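Student: need a 3D model of the sequence below.
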Amino acid sequence: MQQFVPFDVSARQHARDRAAGLIAGRGQVLAHVADELAARRDLLGEAPDGPELVIGLLHPPAPHVAGMDPSPLLAARYGGTAGEEDARHFDDASFARVTAMMTLHGVNDLPGALLLARRALLPGGRFQAALPAGFSLAAVREAFLQADVAAGGGVPARLGPTVDPAEAAGLLQRAGFVEPVAEVETLTLRYRSLADLARDVRAHGDSGWLNGRARGLTTPRRWAAAEAAFAEGADADGKVPVDVQILYLSGRAA
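Tutor: Below you'll find the model as predicted:
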C-alpha cells in the first residue's frame, strides 16, 4: 500500500529559502510564538545540562544554540543543519532541549519526527514545539471554496491538512514522551485583502509545497472571486479577521 505523502519536500525547501528574504517586517507571529515558548519553558521544570537544538530558523536562534531547518539557505546563515524533521540528523541523547519553531505542520511523517526528537534528547531532556493546527485560516478556505464552486470544474486542493489538537497529546505519548502537554492558542490576524495575507504566508515559507496542488496560483477571474468572497467578512475598518490556531506541545524524555 502506497504511503500518503501530503507535502512536496523540495518545494518546501525552496519556499523556506525564499522566505529568508521576505520575512523582515512580517515576523510578528514568530516573535509572539517565541515569547510564548519561552514563558512555557519557565514552567516546565529542570532539564539536564547540555546543548540545545532549535528547529526552524526564520526566527533567529539564541547565541550558542544549535539550529536546523529544511532550508539550506537558513541553515547556512545560522551555521545549522539542513534537513527534514522526519529524517535522522543527530545521534541519540545529543541535546538537553529540542524546540521546534513553527515547522512541524509541514512534515510528512509527524509521528516519526516526534520520535526522532525524543531520541535526540538526553534522559530527562525537554521537548517543545509550536505549529499552526486545527481550524487555522478558515476564512481563506471558505473564500477559495466559494470561488472554486462558482467557477465549476472541481475544487482543487489549496491548503494542506492540519493536526487535530485533540490528538496531539496522544502523538507525544506514541513517540515515547512522558508528561505530554498540548495547548491551543487562537490568534486573530487582520488583513485588508487576500493578496496581503498571501504575502504573509509566503514570507513564512508556507506556500507552494502541497502535493496535488493546482499548478499555477489560479486564474485572474477566480482570484478576484476569492478576493470578493474574502472581503465579505470585513469589519467596519475594512480588515478581515483571520483566525490561526497555534498548537503548543511539550514533553520530557524518560
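Student: show the average pLDDT along the helix or strand where residue 116 lies.
Tutor: In the assignment (DSSP states H and E), residue 116 maps to helix 110-119. Mean pLDDT, computed over helix 110-119, is 98.
Student: check which residues of that helix are buried.
Tutor: Within helix 110-119, the residues that count as buried by 16 or more other CB atoms under 10 Å are 110, 112, 113, 114, 115, 116, 117, 118, 119. For every residue, glycine as well, the C-beta is placed using N, CA and C.
Student: next one: stretch 131-146
Tutor: 131, 132, 133, 134, 136, 137, 139, 140, 143, 144, 146.
Student: which helices and strands does whatever helix or strand residue 15 lives in pack with?
Tutor: In this assignment (DSSP H and E), residue 15 forms part of helix 9-19. The helices and strands touching helix 9-19, judged by 3 or more CB pairs under 8 Å, 6 or more residues apart in numbering; DSSP states H and E, are helix 72-77, helix 194-203.
Student: how does it look with 10 Å?
Tutor: Packing partners of helix 9-19 (3 or more CB pairs under 10 Å, 6 or more residues apart in numbering; DSSP states H and E): strand 66-69, helix 72-77, strand 81-82, helix 194-203.
Student: residue ranges for the strands of the protein, please.
Tutor: 52-55, 66-69, 81-82, 95-101, 121-133, 177-191, 240-253 (DSSP state E).
Student: the fourth one vs strand 121-133, what angle?
Tutor: Using axes from the mean of the first three to the mean of the last three CA atoms, to 10 degrees, the direction of strand 95-101 lies 10 degrees away from that of strand 121-133.
Student: strand partners (parallel or antiparallel) of strand 95-101?
Tutor: In the sheet, strand 95-101 lines up against strand 52-55 (parallel), strand 121-133 (parallel) (DSSP bridges).
Student: for the longest one, same thing?
Tutor: Based on DSSP bridges, the pairing partners of strand 177-191 within the sheet are strand 240-253 (antiparallel).
Student: keeping just the C-alphas, turn the strand it pairs with into CSV.
Tutor: Extracted in CSV, the C-alpha atoms of strand 240-253 (Å, rounded to 0.1, in the frame of the first residue of the first chain):
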residue,chain,number,x,y,z
VAL,A,240,-11.0,40.8,7.6
PRO,A,241,-10.3,38.8,10.8
VAL,A,242,-8.5,35.5,10.2
ASP,A,243,-8.1,33.0,13.0
VAL,A,244,-4.9,31.0,13.3
GLN,A,245,-4.7,28.2,15.9
ILE,A,246,-1.3,27.7,17.4
LEU,A,247,-0.7,24.3,19.0
TYR,A,248,1.9,24.2,21.7
LEU,A,249,3.4,20.8,22.6
SER,A,250,5.8,19.8,25.4
GLY,A,251,7.1,16.5,26.7
ARG,A,252,10.1,15.0,28.5
ALA,A,253,12.4,12.2,27.6
